[in-house]
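Q: Let me see the structure of the following:
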Amino acid sequence: MKAKSICGTSPSEIQSALQQNMGDGFKPTLAVVFLSVKQDRVAVCKILDDAGIAIYGATTNGEFTGEGVSAGEIAILLLDINPAYFTILFEEFPDKNFRQITQFIAKKALEKFAHPCFLIAGSNLNTDAEALLHGFEDILGKEVNINGGMAGDDFAFKENFVLTNKKSTNNGIVVVVLDEDKINMKGRATFGWKPVGTVKTVTKSEGNHVYTIDDTPVLDLTIKYGGLENVTPENFALEHCITLTMQLQRENGDPVMRAGLVVDWNDHSIYCSGHVPQGSKVRFSLPPDFDVIEKVIKGCEELKANEIPEADALILFNCAGRLLSLGPLISEEINGIQEVWNVPIAGMFSNAELARATKGNLEMHGFTACTVVLKEK
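A: Residues are numbered from 1 along each chain as shown. Below you'll find the predicted structure:
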């Protein structure tokens, strides 16, 4: 498999870059498209569609290739995979039947390949991403190989999209189904945030709505451990929750990050970026430093050493919260990941990451870098 990454600030720039990169006889069959909601999605898709290229795409909170990080632009990874080795499935969620939809997709995938693996992207802030994963597991078992992320919208948190050839939706999923007998796909989800303080117990929660930890309103704990004073709804920022992100402890595998997204000031509860079951154990996290980046790169080095020493291309789903926390240092992380395999890369800053925790289960993550490595067998 050959891969090339291109980027541009407009459909016309993408058209030029595509023509230039196909000038040497390169004939891509699949495009992984990450672009801003401000871009003309229809025009970009038409350019690729006219070239006979299948499309897997999502809107972002920022996008990147090996040429650097951008905002409001377009980043595309072009792959010349044999069309017999993949197919694209696209479904919407009109009735919030997330689990049933991915059950259906899994069954369709089995009609095509004996051993399918999946690159997925979902849209809509109300989508239950973990239900999507459970649907695949229902049909294919707990060890199903899935990696992906949830679409963004330049941090507006209003409306985001997934797309493929001649289709786009703000309430659905796009899936690249790969024949795992022909294409090796390995993923690694790593966050690197350091825990602080003792293990605490979630004493009241419903889904992603956390009321109390150790019988204390979760916002009050955030204020206490964050060293904040005279906090009001007017001066409390989302960054305060980001600074003290919770690490949900697991019996098997690494912890999973759960960031606070919305505060209910009536009872000082917080809505988090994923399920936090009542009775579960959590620890707070220290603000990130350069060690966070080093841990992510080390995780990739271990993946290369132990599971996939060679690669044809990299796709990276990097949490938008990492961009907010690390700022310009995020480029160091992206460059470091690419240098592990030294192949073309494209990626997005996502609203959530969908991958398997190290030695753990398939889950929805936050503040996590999900690296996806592709290699034709």
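Q: Next, please give the residue ranges for the helices of the protein.
A: 11-21, 41-50, 98-112, 129-140, 218-225, 238-243, 290-306, 320-326, 330-341 (DSSP state H).
Q: weakest of these in terms of mean pLDDT?
A: Ranked by mean pLDDT, the helices of the chain end with helix 238-243 at the bottom, a mean of 62.
Q: domain ranges for the protein?
A: 3-190+291-376, 199-285 (automatic domain parsing).
Q: Mind listing what's buried along stretch 129-144?
A: 129-133, 135-137, 139-140, 144 (16 or more other Cβ atoms under 10 Å). For the C-beta atoms, the positions are set from N, CA and C on the backbone; glycine is no exception.
Q: returning to what we had before: now the weakest link among the domains of the chain, please, by mean pLDDT.
A: Within these, the stretch with the lowest mean pLDDT is domain 199-285, showing a mean of 85.
Q: related to what we said a few turns ago, with distance to Tyr271 as extra columns, can I get the helices of the chain in JSON lines?
A: What follows is these, written out as JSON lines (distance: least, Cβ to Cβ, whole Å):
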{"stretch": "helix 11-21", "distance to Tyr271": "37"}
{"stretch": "helix 41-50", "distance to Tyr271": "29"}
{"stretch": "helix 98-112", "distance to Tyr271": "18"}
{"stretch": "helix 129-140", "distance to Tyr271": "15"}
{"stretch": "helix 218-225", "distance to Tyr271": "10"}
{"stretch": "helix 238-243", "distance to Tyr271": "10"}
{"stretch": "helix 290-306", "distance to Tyr271": "24"}
{"stretch": "helix 320-326", "distance to Tyr271": "15"}
{"stretch": "helix 330-341", "distance to Tyr271": "25"}
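Q: out of those helices, deepest packed?
A: Neighbour counts (mean count of other Cβ atoms under 10 Å) averaged over each of the helices of the chain peak at helix 320-326, with a mean of 22.
Q: looking at the helices of the chain, which is closest to Ala71?
A: helix 320-326 (9.2 Å; Cβ to Cβ).
Q: picking that back up, so which of the helices of the chain gets nearest Met348?
A: helix 320-326 (8.9 Å).
Q: CA atoms of that closest one as CSV?
A: The C-alpha coordinates for helix 320-326 follow below in CSV (Å, rounded to 0.1, in the frame of the first residue of the first chain):
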residue,chain,number,x,y,z
ALA,A,320,-9.4,18.4,21.2
GLY,A,321,-8.8,18.7,25.0
ARG,A,322,-5.1,17.8,24.4
LEU,A,323,-4.9,20.7,22.0
LEU,A,324,-6.3,23.1,24.6
SER,A,325,-4.1,21.7,27.3
LEU,A,326,-0.8,21.4,25.4
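Q: Show me what it is packed up against.
A: helix 238-243, helix 290-306, helix 330-341, strand 345-350 (3 or more Cβ pairs under 8 Å, 6 or more residues apart in numbering; DSSP states H and E).
Q: could I get those as CSV with distance to Leu48?
A: As requested, those are arranged in CSV below (distance: least, Cβ to Cβ, whole Å):
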stretch, distance to Leu48
helix 238-243, 35
helix 290-306, 29
helix 330-341, 23
strand 345-350, 14
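Q: mind checking how far the closest residue to Gly8 other than its chain neighbours is from Gly226?
A: Nearest non-adjacent residue to Gly8, counting by Cβ to Cβ, 6 or more residues apart in numbering: Ile14, 4.4 Å away. Distance of Ile14 to Gly226, given as Cβ to Cβ, to the nearest Å: 43 Å.
Q: Hmm, Ala131 and Glu137 touching each other?
A: No: if you go by Cβ atoms under 8 Å, Glu137 and Ala131 don't touch, sitting 10.5 Å apart.
Q: For the closest residue to Ser273 other than its chain neighbours, grab the count of nearby residues.
A: Leaving aside its chain neighbours, Ser273 sits nearest to Gly366 (4.0 Å; criterion: Cβ to Cβ, 6+ apart). Residues within reach of Gly366, counting by other Cβ atoms under 10 Å, total 26.
Q: Quick check: phi and psi at Gly366.
A: phi -140, psi 160 (degrees, to the nearest 10).
Q: Of the helices of the chain, which is nearest Lys359?
A: Here helix 290-306 is closest among these (Cβ to Cβ), at 11.4 Å.
Q: Next, the angle helix 330-341 makes with the closest one.
A: Counting by axes from the mean of the first three to the mean of the last three Cα atoms, to 10 degrees, helix 290-306 lies at 20 degrees to helix 330-341.
Q: what sits up against helix 290-306?
A: Helix 290-306 is contacted from outside by 186, 188, 190-194, 311, 322, 326, 329, 332-333, 336-337, 340-341, 358, 369, 371, 373, using Cβ atoms under 8 Å, 6 or more residues apart in numbering.
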